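Trainee: sharing a sequence plus its predicted fold:
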4 protein chains.
Amino acid sequence: MGTEFRYHRRVQFAETDMAGIVHFTSYFRYMEEAEHALWRAAGLSIAPSEATIGWPRVAAAFDYKRPLRFEEEFYVAVRISGVSNRTVQYGFTVMRADTVIGHGLLTTACVTKRPEGGMQSVELPEGLVERLKGAMTEQAPIEAIVRPTDS
Amino acid sequence: MGTEFRYHRRVQFAETDMAGIVHFTSYFRYMEEAEHALWRAAGLSIAPSEATIGWPRVAAAFDYKRPLRFEEEFYVAVRISGVSNRTVQYGFTVMRADTVIGHGLLTTACVTKRPEGGMQSVELPEGLVERLKGAMTEQAPIEAIVRPTDS
Amino acid sequence: MGTEFRYHRRVQFAETDMAGIVHFTSYFRYMEEAEHALWRAAGLSIAPSEATIGWPRVAAAFDYKRPLRFEEEFYVAVRISGVSNRTVQYGFTVMRADTVIGHGLLTTACVTKRPEGGMQSVELPEGLVERLKGAMTEQAPIEAIVRPTDS
Amino acid sequence: MGTEFRYHRRVQFAETDMAGIVHFTSYFRYMEEAEHALWRAAGLSIAPSEATIGWPRVAAAFDYKRPLRFEEEFYVAVRISGVSNRTVQYGFTVMRADTVIGHGLLTTACVTKRPEGGMQSVELPEGLVERLKGAMTEQAPIEAIVRPTDS
């Protein structure tokens, strides 16, 4: 699949750790930022002030290939990698130019808030997935642009 | 004033940065954690689920004397350093054993949430400050225990 | 397997988000804190100041079952769920009393730092895994204590 | 003084807390990001990989006027508000369009790292302050553009 949305970003100092590289938890922030930027690109907000539904995570994962360092520029490519009645799964690839930094997944459930504070899973809003896909553009597959000698 | 509450903590890896020391923003988390631990020691929660009032910050400041590093144990001494009709100011000293790491202040306003999302400053709950002070204990002043050769 | 290490913790305010629950990235911090506490319980530090090896993550994942909220007490149960020549995989379960909050995995590689800043994967220090396991204790399996009606 | 550098940013979900607003510690990240963006605008990096000097904070402070919320766009105006032989003090104003969100200060010392891990304060690199000021532009004073009825 070559259809994706790209979110561009630079590594901030507070995201590094004493090993001199980006702390492994920062990639989960990067994925979330890219997800929300995708929604904005589709003319939506994932958490408008008047929202009656929310999108808690069901699962999150990241595989680390190479580290990012302070001030490096990178982008997060987002795709929709799975859809069920009540969940959306996003697939992510973090790239520094044409070097793969890592791959990740976020699975999010659509829920309504119950008065007593709990959450109730509900069906995805109609047309949501199509609208998100509409904000993606055709891109050369990332695999094809990775230099074979890159390591 | 020798009356204070002490919150004990250890530096976590995610709190360090590429300079190999605790990132300067982490001290603001430490102060907040100590403030909330003080409330708990007084039998209170600063944000119970049924809360109608909240405690946004009006001002926050920290002066850094020495760095903390990964896994070091430290404590945050909390005092009430100022009270007005609608605000509480806490004074903090971060200590690693008898070495001063830094000093800070947090000024918090008591507010009610308005339906449209705004906040309205209101008077402090009666007896609050006395109750918080009741959770503090007499301690030797920190200045007196700092070793003169400490640098 | 009933052998595990338990790390006890309380939810801090800064770990929550505008949905009123612990932000999904905080669980990755919790897992890391538990991992490092396990090392300390085994008389080790994962990042002593004179370290020549480091432990970057190869993979991280978490499955969310129920949310945690401000000030709730919980623990993270850590097990060693996989070992290869050059990697250790930890399995985690986050529990609030006898309620499962979620499950996670961290896979870490043993590396040496190269002068030019890169990292080189190397074999695990001899006896490391045994030493970590020695800091774990036998526990009733978590599955057995989950109340069937818990939801 | 109307000479400043402006750093533009949007509030991310992970920066909010259960009160529904940006957590007070996030503003310290915003100030640091703006400081580092100023250095880049001046053709410099505050932490290049081969650095022999570093810039730990001596003091950090922020005064909060109004909250920021999820997805709001804002900018951080940076000025140099003080210089000594060995320190630089930056003054910051966080603005959402023409509404003042808050004001802050960061005082940073120039240090060399000592072999044993300590830090030694040293004189600022020659010409640094002029170079940073060269990356600032003349702006209408913020006070002049605040709408009188804004509150």
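Mentor: Ah, there it is.
Trainee: give me the number of residues near residue A:114?
Mentor: 9 (other C-beta atoms under 10 Å in any protein chain shown). Backbone N, C-alpha and C define where each C-beta goes, glycine included.
Trainee: ugh, wrong one, I meant residue A:60
Mentor: For residue A:60, the count of nearby residues is 25 (other C-beta under 10 Å).
Trainee: torsion angles phi and psi at it?
Mentor: With angles defined as degrees, to the nearest 10, residue A:60 sits at phi -140, psi 140.
Trainee: what sits against it?
Mentor: Applying C-beta atoms under 8 Å, 6 or more residues apart in numbering or on different chains to residue A:60 gives the contacts A:28, A:31, A:104, A:105, A:106, A:107, C:24, C:61, C:62, C:64.
Trainee: looks to me like the first one is in a strand.
Mentor: Yep, that's residue A:28 we're talking about. No. Judged by DSSP: H, G, I helix; E, B strand; the rest coil, residue A:28 forms no part of a strand; its state is helix.
Trainee: so which strand or helix has residue A:37?
Mentor: Using DSSP states H and E, residue A:37 falls within helix A:26-41.
Trainee: could I get the contacts of residue A:60 as TSV with pLDDT and neighbour count?
Mentor: Converted to TSV, the contacts of residue A:60 look like this (pLDDT from 0 to 100; neighbours: other C-beta atoms under 10 Å in any protein chain shown):
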residue	pLDDT	neighbour count
A:28	98	26
A:31	98	26
A:104	98	24
A:105	98	17
A:106	98	24
A:107	98	18
C:24	98	26
C:61	98	19
C:62	98	25
C:64	98	23
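Trainee: in helices, which of the residues you listed fall?
Mentor: Mapping those onto helices (DSSP state H) picks out A:28, A:31.
Trainee: which one of the contacts of residue A:60 sits closest to residue C:114?
Mentor: residue A:104 (26.3 Å; C-beta to C-beta).
Trainee: low-confidence ranges in chain A?
Mentor: Within chain A, the stretches with pLDDT under 70 are A:1, A:141-151.
Trainee: and the strands in it?
Mentor: Remark: strands assigned in chain A by DSSP state E are A:3-10, A:53-54, A:57-64, A:73-83, A:87-96, A:99-109, A:111-113, A:119-121, A:137-138.
Trainee: contacts for the second one?
Mentor: By C-beta under 8 Å, 6+ apart, the list of residues contacting strand A:53-54 from outside reads A:47, A:110, A:111, A:112, A:113, A:119, A:122, A:125, C:19.
Trainee: got the phi and psi for the residue located most distally from the centre of chain A?
Mentor: Residue farthest from the centre of chain A, counting by C-alpha atoms, centre = their mean, is residue A:116 at 30.2 Å. Dihedral pair for residue A:116: phi -80, psi 0, per degrees, to the nearest 10.
Trainee: from residue A:67, how far off is residue A:90?
Mentor: Counting by C-beta to C-beta, to the nearest Å, the gap from residue A:90 to residue A:67 is 23 Å.
Trainee: same thing with residue A:85?
Mentor: Note on residue A:85: its distance to residue A:67, by C-beta to C-beta, is 38 Å.
Trainee: kindly report the same for residue A:46.
Mentor: Residue A:46 sits 29 Å away from residue A:67, going by C-beta to C-beta.
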